[in-house]
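Chemist: Got a sequence here, can you model it:
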Amino acid sequence: MTQEFTRDELVARLVRAGELEVSGEDMAEAATYFDPETFRFHGPDGFESDFAGLMAYFDAVRAAFEDRTIRRGIVLAEGDHLACQTWIEGTFVREFTQSPAGPLPPNGARVVFDLINIFRFDDRGRMVEEWVRVDNRSVLRQMGVADQAA
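Modeler: Presented below is the predicted three-dimensional model:
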């Protein structure tokens, strides 16, 4: 049976899923906002993952950063796709094992991941695909990686 979701319902599901991923409050509930069997993640620089990989990434974020927050900005909807601005912030207090440059030691800084996301939902309102763009250079600079570019 096909379920129709309004734009507002999909946005609410997206917001709640993000809150749960960042907080770690209820990962069983978080999983209900995804199709864990078919979910695909497409990240910067050709990085590809599945649902387990996405959950492992957020495990690493929660382990490395304290006082985490997530905010969503402008949201655009077109059919079964939502696009939005996302800001994930946290204080970098423990090693971050999932940085684009490999494991990094903490520097105590407040780090802002400034993202552009596109999500595709199935007819049950679950996320089945996500594309993310982030300025990795900015994120790495905030985490204390010196810029080696000329």
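
Chemist: does the closest residue to residue 18 other than its chain neighbours have beta-bridge partners, and which?
Modeler: Ranked by C-beta to C-beta, 6 or more residues apart in numbering and with sequence neighbours excluded, the top spatial neighbour of residue 18 is residue 70, at 4.9 Å. For the C-beta atoms, the positions are set from N, CA and C on the backbone; glycine is no exception. Bridge pairing for residue 70 (DSSP bridges) gives the partners residue 88.

Chemist: Now for residue 70, how many residues are close by?
Modeler: Neighbours of residue 70 under the rule other C-beta atoms under 10 Å: 19.

Chemist: any idea how far it lies from residue 94?
Modeler: Taken as C-beta to C-beta, to the nearest Å, the spacing of residue 70 relative to residue 94 amounts to 19 Å.

Chemist: Can you tell me how far residue 38 is from residue 106?
Modeler: Counting by C-beta to C-beta, the separation of residue 38 from residue 106 is 35 Å.

Chemist: And these two? Which one has more around it.
Modeler: residue 106 (17 against 13).

Chemist: was I right about the more buried one contacting residue 99?
Modeler: No. Taking C-beta atoms under 8 Å as the definition, residue 106 is not a contact partner of residue 99, at 11.2 Å.
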